[in-house]
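Student: Structure, please.
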Amino acid sequence: MLKMLLRNSRVKKVGHMVSSDLRQLEETIESSEPFVGALDLASYAKERHVASNANCGLNDLCAVALQKRLNKNVSERQSTAWEQETLTAQQQQYAACDAYVPLLIYEKLSKLSVPCKLPEILVPLTPVLLYNTDNTTIIAKGQLLHKFDVKIFDGINITPTRMMIRVHEILVPGAIVPTHRKRVVKLGALQ
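Tutor: Numbers count the residues shown, from 1 in each chain. Modelled structure (predicted):
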């Protein structure tokens, strides 16, 4: 029964570096078929702009996604006592956290939307992210201006590819918007 679940791609196996765990399980039980359906939480968090890179650990993910501290005892994790037939209370606690925390993080991250390009038909007050010039870092968050009847703003033509947004959160203080006369992004400013 367990092998069927591990081989089923529709059953998600969520965790930190879970692909390597699945490979190790495959080798341990000498499975003839690969175990699939891995979802790495660090990559998942990066897609949702919760983590800055896909190399963060479970402790970091717990902190940013759940605003909780995950106390993972390193000596407990590296203990050779895991080979014993009966686990200690500390090992049981460690294993329970290691299994349950990824589920909580996944549930929290799944509620967040993944940023995407603006649609062709713009809707007023649509939330937007303002990226740096190479599209790798979000520098500010805002929303499309509620009036689309403006054709020129601050000497800049407003077009379907050049829209005004009102900034409500700055993530990179001092960031410069190259399309707006190389000015620094400011709260409440129209960009």
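
Student: How about stretch 107-114, which residues are buried there?
Tutor: 108, 109 (16 or more other Cβ atoms under 10 Å). (Glycine included, C-beta is placed from N, CA and C.)

Student: try stretch 86-105
Tutor: Within stretch 86-105, the residues scored as buried using 16+ other Cβ under 10 Å are 91, 94, 97, 101, 102, 105.

Student: could you say which helix or strand contains the fifth one?
Tutor: Which is residue 102. When elements are assigned from DSSP states H and E, residue 102 belongs to helix 89-110.

Student: what does residue 21 give?
Tutor: Assigned by DSSP H and E, residue 21 falls in helix 18-29.

Student: Give me the pLDDT value at the residue most central in space within the chain.
Tutor: Taking Cα atoms, centre = their mean as the criterion, residue 45 is the residue nearest the geometric centre of the chain, at 1.6 Å. According to the prediction, residue 45 has pLDDT 90.

Student: ok, it - contacts?
Tutor: Contacts here follow Cβ atoms under 8 Å, 6 or more residues apart in numbering; on that basis residue 45 touches 51, 54, 56, 61, 64, 65, 105, 109.

Student: do residue 108 as well
Tutor: Shown in contact with residue 108 (Cβ under 8 Å, 6+ apart): 65, 66.

Student: any idea how far it is from residue 126?
Tutor: 24 Å (Cβ to Cβ, to the nearest Å).

Student: Around residue 144, count how many other residues there are.
Tutor: A count of nearby residues for residue 144, using other Cβ atoms under 10 Å, gives 18.

Student: starting at the chain centroid, how far to stretch 5-25?
Tutor: Taking the mean of its C-alpha atoms, stretch 5-25 sits 19 Å from the chain's own mean (Cα atoms, centre = their mean, to the nearest Å).

Student: err, stretch 154-161, not the other one
Tutor: Counting by Cα atoms, centre = their mean, stretch 154-161 comes out at 32 Å from the chain centroid.

Student: Ranking by neighbours, what's the top pick from the contacts of residue 45?
Tutor: Result: residue 105 is most packed of these (other Cβ under 10 Å), 26 neighbours.

Student: Against residue 66, how distant is that residue?
Tutor: 6 Å.

Student: Having no further points to raise, I will conclude here.
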